[in-house]
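Chemist: structure for this input, please:
(one chain, ligands or ions: 1)
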Amino acid sequence: MKQLHKPASARRDEEIPMSQNPPYSPKALKHPRSLPRSLNYLLKEQRLLFILVGILIGSTFFIIQPSLSYLWSASSGPRIPRSHSFSGNGESVSLYDRTGVVGYDENYRSKYHNGVGRVPVGIRSKRKRIVVTGGAGFVGSHLVDKLIARGDDVIVIDNFFTGRKENVVHLSGNPRFELIRHDVVEPILLEVDQIYHLACPASPVHYKYNPVKTIKTNVMGTLNMLGLAKRIGARFLLTSTSEVYGDPLEHPQKETYWGHVNPIGVRSCYDEGKRTAETLTMDYHRGAGVEVRIARIFNTYGPRMCLDDGRVVSNFVSQAIRKHPMTVYGDGKQTRSFQYVSDLVDGLVALMESEHIGPFNLGNPGEFTMLELAEVCDLWAPSMIFSYLMMGLESSS
Ligand SMILES: O=c1ccn([C@@H]2O[C@H](COP(=O)(O)OP(=O)(O)O[C@H]3OC[C@@H](O)[C@H](O)[C@H]3O)[C@@H](O)[C@H]2O)c(=O)[nH]1
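Modeler: Model (predicted):
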């Protein structure tokens, strides 16, 4: 009865003529009769060696497979924080520059991967990871647009005191854009290559609203961001202001001019706050070797500037549109230069990428008196309504 339930292989063994069976040995008695034949099969023609080599190759593939999939998703997936530029026909192609965000992956893969295989790791170059403090503000949001269009990963930090989510909402679905509600007076730890530090109310109406908070933002906020730059080895750009020159005794103001500033006036929270921020920036450079840039920004206008911003351009334009009298302060003979926001943003990026350390004025060399500006605004009021709508200026009043 026992023999009826033997495995088929055993039955096949019984059918093999005795002459082909291996000679009797005590060892053969200790194991099922099929085992020596299996071993025999394996050992013949170095089959065991081939099996071992196969296992080795398989194991190697599974060990390195996660890093291969990482490299693949780094070039195509939205969750990987950095990616690369590729050089094709001597031309640098940024991941999202040409195709836009939506549908990029498919375009990219069809252009670079179909039938070609993966791009070798060696020819990839890192795209930059950049943090922009105050990136939801008037200037910051335009800067973020430019950096995203260039193909960088951008993290915006904003406490939304003067910044608005509407300024960056169009980027919300972009995998290379991240928005963090955070006040720079508190430390934050991020891994980035560059820091554009814009966070601070810039219009007199806003920075005078809470002067202590304004100077705290300039001092503590700048300290925190410089500390971060030092810790992670990032390049740091401070957006300072033409107001560091105070009521200047020199015209035009060169970067070498030290200014003429009231340390106890109502604007001092901003003027002196930015001067201290510049001091901290240069001290971190000299003392800790941080790569720093300082942009002294002159009066700027353009889309996303609120009509109730409080600066002279938005004040005069809103007054002209509403047919209200223009509020020319003083005798109106004080002069200012006015630059368009996209020119400023180009300047900020160029400065960051340059080797220039120390203050750099960013503004329009042509100056107007406030009386001249008021006349221009009055003259062009009807067309301004259309222009400002086109520029996307919004009034919260
Ligand atoms: O309604 C107004 C507003 C302002 N002004 C005058 O216009 C001139 C320009 O004033 P703004 O408020 O536009 O601002 P400022 O040029 O002093 O500084 C501005 O530009 C440089 C930036 O770095 C500063 O953050 C920003 O406040 C000042 O002389 C001011 O007194 C008016 O005559 N009427």
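Chemist: need the pLDDT of Ser19.
Modeler: Looking at Ser19, its pLDDT stands at 43.
Chemist: also Val168?
Modeler: On the pLDDT scale, Val168 gets 98.
Chemist: ok, now the one 10 residues further on?
Modeler: Looking at Glu178, its pLDDT stands at 98.
Chemist: check Ser85 too.
Modeler: For Ser85, pLDDT reads 25.
Chemist: which of the helices or strands spans the spatially closest residue to Tyr209 that is not a sequence neighbour?
Modeler: Counting by C-beta to C-beta, 6 or more residues apart in numbering, Pro201 is the residue found nearest to Tyr209 once chain neighbours are left out, at 7.3 Å. Where C-beta positions appear, they are placed from N, C-alpha and C, glycine not excepted. Counting by DSSP states H and E, Pro201 is held by no secondary-structure element, helix or strand.
Chemist: for this structure, what lies in contact range of the ligand?
Modeler: 202-204, 241-243, 297-299, 311-312, 315, 327-329, 334, 336, 370 (C-beta under 6 Å from any ligand atom).
Chemist: C-terminal to whatever helix or strand Ser141 lives in, what's the next element?
Modeler: Assigned by DSSP H and E, Ser141 belongs to helix 138-150. Remark: after helix 138-150, the chain's next helix or strand is strand 153-158, criterion DSSP H and E.
Chemist: any idea which helix or strand comes after that next one?
Modeler: Next along from strand 153-158, by DSSP H and E: strand 177-181.
Chemist: can you list the strands that that following strand pairs with?
Modeler: strand 153-158 (parallel) (DSSP bridges).
Chemist: any weak-confidence spans in the protein?
Modeler: 1-36, 38-39, 41-42, 58, 61-125, 382, 384-397 (pLDDT under 70).
Chemist: now the helices for it?
Modeler: In the chain, the helices defined using DSSP state H lie at 8-15, 26-30, 34-43, 47-76, 104-112, 138-150, 204-209, 211-216, 222-232, 268-288, 312-321, 341-353, 370-379, 381-391.
Chemist: neighbours of Tyr301, how many?
Modeler: Residues lying near Tyr301 (other C-beta atoms under 10 Å) number 19.
Chemist: now it. Nearest residue, chain neighbours left out?
Modeler: Val313 (4.2 Å).
Chemist: one more: Val376?
Modeler: That would be Phe368: by C-beta to C-beta, 6+ apart, it lies 7.6 Å from Val376.
Chemist: cool, Gly137 as well?
Modeler: That would be Gly163: by C-beta to C-beta, 6+ apart, it lies 4.2 Å from Gly137.
Chemist: how close does that neighbour get to Glu278?
Modeler: 22 Å (C-beta to C-beta, to the nearest Å).
Chemist: dihedrals phi and psi, the residue nearest to Tyr209?
Modeler: phi -60, psi 140 (degrees, to the nearest 10).
Chemist: surely it touches Tyr207?
Modeler: Yes. Using C-beta atoms under 8 Å, Pro201 makes contact with Tyr207 at a distance of 4.4 Å.
Chemist: these two - which one has more neighbours?
Modeler: Neighbours per residue (other C-beta under 10 Å) separate Pro201 from Tyr207, with Tyr207 holding more: 27 against 22.
Chemist: need the contact list for Asn210.
Modeler: Contacts of Asn210 were listed using C-beta atoms under 8 Å, 6 or more residues apart in numbering, and none were found.
Chemist: could I get the buried residue list for stretch 162-171?
Modeler: 162-164, 167-168, 171 (16 or more other C-beta atoms under 10 Å).
Chemist: kindly indicate which of those lies nearest Leu237.
Modeler: Gly163 (17.7 Å; C-beta to C-beta).
Chemist: state the distance from Asn210 to Cys200.
Modeler: Asn210 is 12 Å from Cys200, by C-beta to C-beta.
Chemist: for Ser314, same thing?
Modeler: Taking C-beta to C-beta, one finds Ser314 at 18 Å from Cys200.
Chemist: quick one, which of the two is more surrounded?
Modeler: Neighbours per residue (other C-beta under 10 Å) separate Ser314 from Cys200, with Cys200 holding more: 28 against 20.
Chemist: so what does that one look like in phi/psi?
Modeler: Dihedral angles of Cys200 (phi, psi; degrees, to the nearest 10) stand at phi 170, psi 130.
Chemist: mind listing what it touches?
Modeler: Contacts of Cys200 by C-beta under 8 Å, 6+ apart are 134, 207, 214, 217-218, 221, 239, 270, 273-274.
Chemist: would you reformat those as TSV and include distance to Tyr196?
Modeler: Output for the contacts of Cys200, formatted as TSV (distance: C-beta to C-beta, whole Å):
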residue	distance to Tyr196
Gly134	8
Tyr207	19
Thr214	19
Thr217	15
Asn218	15
Gly221	13
Thr239	7
Tyr270	19
Gly273	18
Lys274	15
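Chemist: from the contact counts, what lies against the helix holding Ser141?
Modeler: strand 129-133, strand 153-158, helix 341-353 (3 or more C-beta pairs under 8 Å, 6 or more residues apart in numbering; DSSP states H and E).
Chemist: in CSV: these, plus distance to Asp283 and mean neighbour count.
Modeler: Formatted as CSV, those follow (distance: least, C-beta to C-beta, whole Å; neighbours: other C-beta atoms under 10 Å):
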stretch, distance to Asp283, mean neighbour count
strand 129-133, 19, 27
strand 153-158, 23, 26
helix 341-353, 20, 18
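Chemist: got these as a markdown table, with distance to Ile51 columns?
Modeler: Below are these laid out as a markdown table (distance: least, C-beta to C-beta, whole Å):
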| stretch | distance to Ile51 |
| --- | --- |
| strand 129-133 | 47 |
| strand 153-158 | 47 |
| helix 341-353 | 57 |
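Chemist: of these, which is nearest Gln194?
Modeler: Per C-beta to C-beta, nearest to Gln194 of the helices and strands packed on helix 138-150: strand 129-133, 4.7 Å.
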